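J.: how would this look folded up:
(chains A, B, C and D)
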Protein chains: 2
Amino acid sequence: MKNLNTYFKSAFTVDNVIFGFDESDLKILLIKRQEEPYNNHWGLPGYFVLPDEDLNTAARRVLKQLAGIDNVFLEQVKSFGAVDRHPVGRVITVAYYSLVKIADFNPTPDNDVAKEVRWFSVSDISALDLAFDHEEMINVCFQTLKRQVRIRPVGFELLPPKFTLTELQHLYEAILETDLDKRNFRKKILSMNLLIDLEEMQEGVAHRPAKLYKFDSDKYEEFLQDGFSFEVKESKRKEPKPSLSN
Amino acid sequence: MKNLNTYFKSAFTVDNVIFGFDESDLKILLIKRQEEPYNNHWGLPGYFVLPDEDLNTAARRVLKQLAGIDNVFLEQVKSFGAVDRHPVGRVITVAYYSLVKIADFNPTPDNDVAKEVRWFSVSDISALDLAFDHEEMINVCFQTLKRQVRIRPVGFELLPPKFTLTELQHLYEAILETDLDKRNFRKKILSMNLLIDLEEMQEGVAHRPAKLYKFDSDKYEEFLQDGFSFEVKESKRKEPKPSLSN
DNA sequence: GCCACCTAGTGTACAAAATACACTAAATGA
DNA sequence: TCATTTAGTGTATTTTGTACACTAGGTGGC
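T.: The predicted structure is shown next:
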C-alpha cells in the first residue's frame, strides 16, 4: 500500500446537463467559457466542488451561480473519470441532469466563468465542439432522460403550469425521438388521472383552441412513490416481437 | 475564483457491490478490513483509484486484487461524496455493481487490505455494521439490480452455464423479493427464445429431475442492443391500476 | 415392488392493455 | 363564406397478462 498522500492530489467537479422544452424542441443549456482550459468553447455549466461541500449541494450551487437556476429537479447520473479528461490535472466529474421550465428563468452569466449562456436544440449540439468530454456526458444524460420519461412524469418539470395535450405529446415525441398516435396518447395519459382539466382554452391561436390542463401534484407524488409505469408506445406497429417458441 | 490548488487535495475510491446467487439466496461479497479506518469491520471491496488510472480500470483491478474476481459484468452505479464520509480526508467513492457466478471463483484475500472475504446473504447484511457508507451503497445497488432485472437478462451473469427453469425462477424471486407464478413465468421466459433446451436432465436429485437449459448468447446480444423489455410480473393480483377516467 | 414423497411440467379461460385507424368540430383570417 | 389549421373523439382487433390445479417422473424407504 502506498503512502496515502499519493492519492490526495485530485479534484472533482460537477457538471449539469439541463434540459428544457420549447415549442416542440428539446434544448440544453450551455455556457460559453471564459477561462482556460477550453476558453471560448461552449460547455456544460459545471465547476469544482468545494472541499467542504456535498456533491448535490455543489451541483445546485453551481447551477445557481453559473446560470441563475435554482429549485429544480436535479439528479446524479454518472461520473466521468478518464485519466486525461482534464488538462490541468486529475479531475473526476459527476454529471447531473436537470429538467427546467424554460420560461421560469432568464439565464444570465452572473459570474466571471461564463461569458454567455444559451439554450441549444439537442440536435444542434454535435456541431459545437464542446469542452472536455461534455458531449459524451450529454449523450449519456439524454439516454437517461429517455429512460426516465417512461417511468416518471417528466412533463411536470418541463412544461409550463398550463399546457395542452398536444404540447405534452410533442414533448414526449421530442424526448423519445419518435411519432406518437394522437388518440392512443391521449387515452393513455388521461387514463392515469394525472391531469386536471382547467376548463380554460388556449388563446391567440389561428385555429381551434385547445383545452388547457395542469398536472395534479397530489397524484404525482403518489405515483412517484409507487414507481408507476408511464409507458407510452409509438404509433408505428413495432417489429414483430421475438416470436413465441411454443 | 480560488486558486486551483485549493481543489487538488482530494482522493477517490471505487467500491464494488458484487452480487452472486446460490441456492435461492442472493448474496453479496464482503471483505473484513484489516486497516484503519474501520479496521475489523466488514465492508465492500474497494480501494483508492491510482493517479493514472481510469475509473472502470480501477474497479476491475480492485476487484481482482481484493477478491480474485475478474472478467465479470461490472457497471458504474453512482458516486457518493458526503463531506464526512471518510475520516481521513475528502474522498469521493464511485460505486460499481457486478454480477458473478459464485462457483466460478474462490474468493481469497490475496492482499493485505482484507483479512477475510465472504459471501453474505442480502438479508443478513443490515446486522453487520458495515464500514463507511457501504450499507447505503448496497441499498442503492440492490435497487439498481431490481430495475435492471426487468430490462436485461441477468440470469446470464448469475447462474451457472446449465440451469433449470426453477432455478431461474428462484433467482428472479430473490431479486424481486416476490413470488412468481410458475406457469406464467415459464411461458414468458420461453416465449423470448433466450433459452436453449440442452436435452439433458438434472442429476442426483431425489425427485423428478428437471430439464437443463443454457442461455443463447446470440439472442442475448441482440436483445441487449434492442433494449428489449424483460418484464416478469408477480403472481398475486396487483392493486387495481389507477382507474380510467373516461 | 410398491408406496410415499417430492419437484417438474403443462393449458385454458378471462381480463386488461396496446394498437390501428378517419372523420367532425371550432377557431382564424383572407 | 370559405379555406386553412389544429382539436378532439371511438371502436374493433390483437397482444399480453393473469389466475388457477392436476398429472408426470424421478428417489428412497420399507
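J.: got the contact list for the longest helix along chain A?
T.: Counting by DSSP state H, the longest helix found in chain A is helix A:134-148. Contact with helix A:134-148 is made by A:15, A:17, A:19, A:28, A:43-44, A:77-78, A:80, A:93, A:95, A:97, A:99, A:122, A:125-126, A:128, A:130, A:154, A:175-177, as judged by C-beta atoms under 8 Å, 6 or more residues apart in numbering or on different chains. C-beta: built from backbone N, CA, C; applies to glycine.
J.: buried set for whichever strand or helix holds A:Asn184?
T.: Per DSSP states H and E: A:Asn184 is located in helix A:182-191. Neighbour-count burial for helix A:182-191 flags A:185-186, A:189-190 (criterion: 16 or more other C-beta atoms under 10 Å in any protein chain shown).
J.: what about the longest strand anywhere in chain A and chain B, touching?
T.: In chain A, taking DSSP state E as the definition, the longest strand is strand A:11-22. Yes. Strand A:11-22 lies within reach of chain B by C-beta under 8 Å from any C-beta of the partner chain, at A:11-12.
J.: sheet partners, orientation included, of that strand?
T.: Counting by DSSP bridges, the strands paired with strand A:11-22 are strand A:25-33 (antiparallel), strand A:46-48 (antiparallel), strand A:91-99 (parallel).
J.: would you mind listing the buried residues in it?
T.: A:11-21.
J.: domain assignment for chain A?
T.: A:12-148, A:155-226 (automatic domain parsing).
J.: how near is A:Asn193 to A:Glu203?
T.: Distance, A:Asn193 to A:Glu203, using C-beta to C-beta, to the nearest Å: 26 Å.
J.: out of those two, which sits in the more crowded spot?
T.: A count of neighbours by other C-beta atoms under 10 Å in any protein chain shown puts A:Asn193 above the other of A:Asn193 and A:Glu203, at 16 against 7.
J.: quick check: phi and psi at the more buried one.
T.: phi 60, psi 30 (degrees, to the nearest 10).
J.: hmm, it is touching A:Tyr220, no?
T.: No. Using C-beta atoms under 8 Å, A:Asn193 is not in contact with A:Tyr220, being 10.6 Å away.
J.: in the helix or strand of chain A with the lowest mean pLDDT, which residues are buried?
T.: Every helix and strand of chain A was ranked by mean pLDDT, DSSP states H and E. The lowest is helix A:217-226, at a mean of 77. By neighbour count on 16+ other C-beta under 10 Å, the buried set for helix A:217-226 is A:219, A:223.
J.: so how far is it off the chain centroid?
T.: 20 Å (C-alpha atoms, centre = their mean, to the nearest Å).
J.: export only the CA atoms of that helix, formatted as CSV.
T.: C-alpha atoms of helix A:217-226 as CSV (Å, rounded to 0.1, in the frame of the first residue of the first chain):
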residue,chain,number,x,y,z
SER,A,217,-49.4,17.3,-7.9
ASP,A,218,-51.0,15.0,-5.3
LYS,A,219,-51.4,12.2,-7.8
TYR,A,220,-47.8,12.9,-9.0
GLU,A,221,-46.5,12.4,-5.5
GLU,A,222,-48.4,9.2,-5.1
PHE,A,223,-47.1,7.9,-8.4
LEU,A,224,-43.5,8.8,-7.7
GLN,A,225,-43.7,6.7,-4.5
ASP,A,226,-45.3,3.7,-6.2
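J.: and it with DNA strand D, contact?
T.: No. Counting by C-beta under 7 Å from any atom of the strand, DNA strand D is not contacted by helix A:217-226; separation bottoms out at 14.3 Å.
J.: A:Ala114 and A:Phe12: what is the separation?
T.: 20 Å.
J.: swap in A:Leu128?
T.: 24 Å.
J.: how about A:Asp124?
T.: On the measure of C-beta to C-beta, A:Asp124 and A:Phe12 end up 29 Å apart.
J.: what residues does chain A put near DNA strand D?
T.: A:164-166, A:182-184, A:186-187, A:205-211, A:241.
J.: could you identify the most distant pair in those residues?
T.: Pairwise distances across those peak at 43.3 Å for A:Ala206 and A:Lys241 (criterion: C-beta to C-beta).
J.: the more surrounded of these two?
T.: A:Lys241 (11 against 5).
J.: now the domains of chain A in a markdown table, with distance to DNA strand C?
T.: Putting those into a markdown table (distance: least, C-beta to the nearest atom of the strand, whole Å) gives the following:
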| stretch | distance to DNA strand C |
| --- | --- |
| domain A:12-148 | 16 |
| domain A:155-226 | 3 |
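J.: and the contacts of helix A:134-148, which of them are buried?
T.: Here, 16+ other C-beta under 10 Å leaves A:15, A:17, A:19, A:28, A:43-44, A:77-78, A:80, A:93, A:95, A:97, A:99, A:122, A:125, A:130, A:154, A:175-176 buried among the contacts of helix A:134-148.
J.: wait, what's in contact with A:Pro109?
T.: A:31, A:66-67, A:115-117.
J.: just A:Thr164 next, same as before
T.: Contacts of A:Thr164 (C-beta under 8 Å, 6+ apart): A:202, A:210-213.
J.: who wins on neighbours among those?
T.: Busiest of these [other C-beta under 10 Å] is A:Tyr213, holding 24 neighbours.
J.: show me the contacts for that residue.
T.: A:162-165, A:168, A:195-198.
J.: can we see that at 6 Å?
T.: A:195, A:197 (C-beta atoms under 6 Å, 6 or more residues apart in numbering or on different chains).
J.: okay, now A:Asn71: neighbour count?
T.: 11.
J.: no wait, A:Thr178
T.: 13.
J.: A:Arg147 now?
T.: With other C-beta under 10 Å as criterion, A:Arg147 counts 13.
J.: and if you look at A:Leu66?
T.: 22.
J.: three-state assignment of it?
T.: Here A:Leu66 is helix, with the state taken from DSSP: H, G, I helix; E, B strand; the rest coil.
J.: how far away is it from chain B?
T.: A:Leu66 sits at a distance of 12 Å from chain B (criterion: C-beta to the nearest C-beta, to the nearest Å).
J.: so that residue sits against A:Pro45, correct?
T.: Yes. A:Leu66 is within contact range of A:Pro45, at 4.1 Å (criterion: C-beta atoms under 6 Å).
J.: spit out the residues that contact these two alike.
T.: A:Ile31.
J.: residues in chain A within reach of chain B, list them.
T.: A:7-12, A:48, A:51-52, A:54-55, A:79, A:81-83, A:89-90, A:92, A:94, A:190-193, A:242, A:244-245 (C-beta under 6 Å from any C-beta of the partner chain).
J.: now a PyMOL select for only the buried ones of the residues you listed.
T.: To isolate the buried ones among the residues of chain A next to chain B in PyMOL, judged by 16+ other C-beta under 10 Å, type:
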select buried, chain A and resi 7+8+10+11+12+48+54+55+79+81+82+90+92+94+190+192+193
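J.: grab the nearest non-local neighbour of A:Arg118.
T.: Distances taken as C-beta to C-beta, 6 or more residues apart in numbering or on different chains put A:Leu30 closest to A:Arg118, at 6.1 Å, once the chain neighbours are dropped.
J.: over to A:His170?
T.: Here the residue nearest A:His170, using C-beta to C-beta, 6+ apart, is A:Ser24, at 4.5 Å.
J.: what's the answer for A:Ala67, then?
T.: Closest to A:Ala67 by C-beta to C-beta, 6+ apart is A:Pro107, at 4.5 Å.
J.: quick check on the one you found: phi, psi?
T.: Per degrees, to the nearest 10, the backbone of A:Pro107 is at phi -60, psi 120.
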